[in-house]
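Novice: Fold the stuff below for me.
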Amino acid sequence: MAGCDFLLTGRFLQAEPLCRMIESCRPTVAAAVPTIWNSVLGYAESMPVDFSSIRVVPCGGAAVPRSLAEQFLHKYGVRIVQGWGMTETSPLAAMAHPPKNCTTDEEINWTTKSGWRGSSSRRG
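Specialist: Below you'll find the predicted structure:
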């Protein structure tokens, strides 16, 4: 529908084959749960991995740890964004994109939340 490739990992959810797939196929969007990205980050700390093709990582199924989002952003320039959805929503219904002109610290706060609870005084 969008005229782009759609990559599926199949049964290979370990960090090493995922990192090889990222380097060889060069995806621009790569979605997975936080536990997968934690293992990919751990692998990348011991082996060089080229994440330069990735623009954004929609991440859901569990809360995105702030440390995970910070490390990917600061070390690799990859923005992890908390997502929420269901199979019935194909699958994303909402993503926590930060407002424009945020500081890096504010951006991390926004991208690790699954929604907005009102005024900025209520963010936490």
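
Novice: could you pull out the helices for this protein?
Specialist: For the chain, applying DSSP state H gives helices covering 15-25, 34-46, 66-71, 104-111.

Novice: my read: residue 70 touches residue 108, true?
Specialist: Yes - judged on C-beta atoms under 8 Å, residue 70 makes contact with residue 108 at a distance of 5.7 Å. Heads up, the C-betas are built off the backbone N, CA and C, glycines and all.

Novice: Comparing those two, which residue is more hemmed in?
Specialist: Per other C-beta atoms under 10 Å, whichever of residue 70 and residue 108 has more neighbours is residue 108, with 20 against 16.

Novice: Read off the pLDDT value for that one.
Specialist: Looking at residue 108, its pLDDT stands at 85.

Novice: returning to that earlier point: so which of the helices of the chain gets nearest residue 94?
Specialist: Of all the helices of the chain, helix 104-111 sits nearest to residue 94, with 12.4 Å by C-beta to C-beta.

Novice: which residues are contacting that closest one?
Specialist: The contact list for helix 104-111, computed with C-beta atoms under 8 Å, 6 or more residues apart in numbering, reads 64, 66, 69-70, 73, 79-82, 96-99, 102, 123.

Novice: try 6 Å
Specialist: 69, 70, 81, 96, 98 (C-beta atoms under 6 Å, 6 or more residues apart in numbering).
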